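Chemist: With the sequence up front, the predicted model follows.
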There are 2 protein chains.
Amino acid sequence: MVLEKNIPQHRRLYEILRKHIIEGIYQEGDLLPSENELCQLYGMTRPTVRQSLSTLANDGYIRKHQGKGSIVHHLPKEIGILSVSGTTSAVGRRNLKTRIIVKPSIIKWPENFMFQLTELEKESGCIYLERLRLLENEPIFYDISFIANINLPRITSRQFENRSLFQILRDHYHIEIKGGEQRIKAIPASAKISSFLSLKKGQPVLHLERKMETNNPVLFLYSSIFCNTEKYSIFGRF
Amino acid sequence: MVLEKNIPQHRRLYEILRKHIIEGIYQEGDLLPSENELCQLYGMTRPTVRQSLSTLANDGYIRKHQGKGSIVHHLPKEIGILSVSGTTSAVGRRNLKTRIIVKPSIIKWPENFMFQLTELEKESGCIYLERLRLLENEPIFYDISFIANINLPRITSRQFENRSLFQILRDHYHIEIKGGEQRIKAIPASAKISSFLSLKKGQPVLHLERKMETNNPVLFLYSSIFCNTEKYSIFGRF
DNA sequence: AATATTAACTTGTATTTACAAGTAAAAAGT
DNA sequence: ACTTTTTACTTGTAAATACAAGTTAATATT
């Protein structure tokens, strides 16, 4: 859609190294080239290289050891969609399908919303949708999303099937997820959730309430996610 | 115990600002002094100040906006023990008590341990303990800990009551938590867990399996934690 | 052969300098 | 009164330089 040209050098190196790690060119336990070598290889100075490595370390791709070097950390082998350690959610994707259950529509915000809303958000109303996400053809997530209807023209008429919501927001509206917060609970599955996740009613389900920040300071994305964790676990780094 | 003298400047500023935020001297939404002002105030140069701010941003205490400044982010108001966003676990502590259920002892590692162990770990055996943690006098966490028995003399004879395990490790053995990973599941409470957490058997319980890395590259801490999330949620930033 | 020392690496910390890019308020123009 | 432009701030990126401190392997010593 839009070709980003002005990517900073440290970002560029970050992406290169990250890709190499994901693709297995650098494997778990491997030593990355030293900072000085990376400087030479990519024509940057050490502070710039160090910034890339620092971000990689923060995102859990490498660990740094003084005197030794940067060591590639093992990738999460479990399901990575909710890991949210990296900037994108591209960690080890499996066979993931998305099915729209409730098509996106503009509604009023629910009473007693799970997060505190700003006045601007309340006035704007929200875009609402429900999706079921299947992993290896098994229903694992039931995802209810709320997005404040701020500067998102024609969003309800877009194709959401088998495309990441985040991808649409990035490609069409230049919206990037910068961070967020979440609350996690274990709850008994309701009738609705249990049927979608093919569980017995009352079986334990993981419930996540998330608020995501974007590069637009007034725009947040909210999700209420129910997970069947009988087979898969949610994985996280810290 | 040991007085750390050689604290780097960026670390020092990080701790100062973090403390000010926690204590409410800087409140949510407030603008921190600009980078140049901080340079003057604390006699540092901008890269040094920026390193402090970068860490604060990473730990979720502030958000940075180009052209605007560093804005104090709201602190997690829920229970912070498992937030683990900061370097220490000092986020908003409430009335938290710890009760030892199984006193620390040295045992062999369980068969089929929840994480892959190194040969060194297997040989060393592990220190095992079980603790119940109460929040406002209600049992919330049941924590089963495993620590590889590597360079930890006399640890089984130490006082664990009402003292953080991490604190003991830091004060007596200079061990700091650097990061880690975890798997999260929702499971039905077993008879044992339900009785400790005063729940009905089969009620949903959050189960966390954690592996924590330390400043000693060969030493890891492991915990299997069961949480009663009826009243409190686990809070996390990303 | 075993131990201690040295040297050559590695990352960590810190200063100095410069310009780019985003934001907000003051100043100028209409 | 309103809009546009300028200005003065903010953070972001990047280079060049220096030394400290941890690690490892080669070297010298015992």
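Modeler: Thanks, I have the structure now.
Chemist: Where does residue A:143 sit: helix, strand or coil?
Modeler: Secondary structure, DSSP: H, G, I helix; E, B strand; the rest coil: residue A:143 is strand.
Chemist: Please point out which parts of stretch A:142-151 sit buried.
Modeler: A:142, A:143, A:144, A:145, A:146, A:147, A:148, A:149, A:150 (16 or more other CB atoms under 10 Å in any protein chain shown). The C-beta positions use only the backbone N, C-alpha and C, and glycine is treated the same way.
Chemist: wait, what's in contact with the fifth one?
Modeler: Residue A:146 makes contacts with A:109, A:113, A:126, A:127, A:128, A:221, A:222, A:223, A:224, as judged by CB atoms under 8 Å, 6 or more residues apart in numbering or on different chains.
Chemist: Minimum pLDDT in the buried residues of stretch A:142-151, which residue is that?
Modeler: Within the set of these, pLDDT is lowest for residue A:150 (84).
Chemist: pretty sure that one contacts residue A:123?
Modeler: No - Residue A:150 lies out of contact with residue A:123 (CB atoms under 8 Å); the separation is 9.5 Å.
Chemist: okay, residue A:44: pLDDT?
Modeler: pLDDT for residue A:44: 96.
Chemist: that older thread, with distance to residue A:231 added, can I get the buried residues of stretch A:142-151 in JSON lines?
Modeler: Formatted as JSON lines, the buried residues of stretch A:142-151 follow (distance: CB to CB, whole Å):
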{"residue": "A:142", "distance to residue A:231": "15"}
{"residue": "A:143", "distance to residue A:231": "18"}
{"residue": "A:144", "distance to residue A:231": "22"}
{"residue": "A:145", "distance to residue A:231": "24"}
{"residue": "A:146", "distance to residue A:231": "28"}
{"residue": "A:147", "distance to residue A:231": "30"}
{"residue": "A:148", "distance to residue A:231": "34"}
{"residue": "A:149", "distance to residue A:231": "36"}
{"residue": "A:150", "distance to residue A:231": "38"}
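Chemist: Got phi/psi on residue A:50?
Modeler: phi -60, psi -30 (degrees, to the nearest 10).
Chemist: So which of the contacts of residue A:146 belong to strands?
Modeler: Counting by DSSP state E, the contacts of residue A:146 place A:126, A:127, A:128, A:221, A:222, A:223, A:224 in strands.
Chemist: how many neighbours does the third one have?
Modeler: Residues lying near residue A:128 (other CB atoms under 10 Å in any protein chain shown) number 20.
Chemist: before we move on, what about the fifth one?
Modeler: Residue A:222 is surrounded by 21 other residues when neighbours are defined as other CB under 10 Å.
Chemist: what bridges to it?
Modeler: On the basis of DSSP bridges, residue A:222 is bridged to residue A:146, residue A:211.
Chemist: what's the answer for the first one, then?
Modeler: Beta bridges link residue A:126 to residue A:107, residue A:148, judged by DSSP bridges.
Chemist: my guess is it contacts residue A:104, does it?
Modeler: No - Residue A:126 is beyond contact range of residue A:104, at 10.2 Å (criterion: CB under 8 Å).
Chemist: Going by distance to DNA strand C, which of the contacts of residue A:146 wins?
Modeler: Nearest to DNA strand C, judged by CB to the nearest atom of the strand, of the contacts of residue A:146 is residue A:221 at 19.1 Å.
Chemist: in chain A, which spans are strands?
Modeler: Under DSSP E, chain A gives strands at A:62-65, A:69-72, A:96-107, A:126-135, A:138-148, A:177-188, A:204-214, A:220-227, A:234-237.
Chemist: who does the last one touch, helix- and strand-wise?
Modeler: Translated: strand A:234-237. strand B:177-188 (3 or more CB pairs under 8 Å, 6 or more residues apart in numbering or on different chains; DSSP states H and E).
Chemist: The strand it packs on pairs with which strands?
Modeler: Short version: by DSSP bridges, strand B:177-188 pairs with strand A:234-237 (antiparallel), strand B:204-214 (antiparallel).
Chemist: Run the chain-centre distance for it.
Modeler: Computed by CA atoms, centre = their mean, to the nearest Å, the separation of strand B:177-188 from the middle of its chain amounts to 12 Å.
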